[in-house]
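Chemist: My questions are about this predicted structure, shown below with the sequence.
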Amino acid sequence: MDMKKMMKQAKKMQRDAAAAQAEIAEMEFSASAGGGMVEATVMGDMTLKAVKIDPDAIDPEDMEMLEDMVVAAVNEALREASNTSNERMSSLMGGMNLPF
């Protein structure tokens, strides 16, 4: 493979990767915990957008359970965002034809 063709392919891949990252950053990922009592929504750029808590989940005697549900929902939404991002970027990089 000639160097000019390889450089052209690398630049295209760089543009495709930047476009994919921008698209992923705008995506929303939601997850819930406690049977839907707590729902978290994160963006593809790994920022927390929203947390919704069912009023029935609020028990002043057991705030620790509510805190655990919030953490679980946020972590699961972040995992989904990360997995989607990794899969998308892997598929882009898998198309690269580099000689080894």
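Modeler: Great, that's in hand.

Chemist: how far is the longest helix along the chain from where the chain is centred?
Modeler: When the chain is parsed with DSSP state H, its longest helix is helix 63-94. Mean-position distance between helix 63-94 and its chain equals 6 Å (CA atoms, centre = their mean, to the nearest Å).

Chemist: helices or strands up against it?
Modeler: helix 3-25, strand 28-33, strand 38-43, strand 48-53 (3 or more CB pairs under 8 Å, 6 or more residues apart in numbering; DSSP states H and E). Bear in mind the C-beta positions are built from the backbone N, C-alpha and C, glycine included.

Chemist: can you redo these as CSV with mean pLDDT, distance to Met89 and mean neighbour count?
Modeler: Listed next are those as CSV, based on pLDDT from 0 to 100; distance: least, CB to CB, whole Å; neighbours: other CB atoms under 10 Å:
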stretch, mean pLDDT, distance to Met89, mean neighbour count
helix 3-25, 90, 7, 12
strand 28-33, 98, 16, 18
strand 38-43, 98, 16, 22
strand 48-53, 98, 21, 14
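
Chemist: related to what we said a few turns ago, what average pLDDT does the longest helix of the chain get?
Modeler: Computed over helix 63-94, the mean pLDDT rounds to 93.
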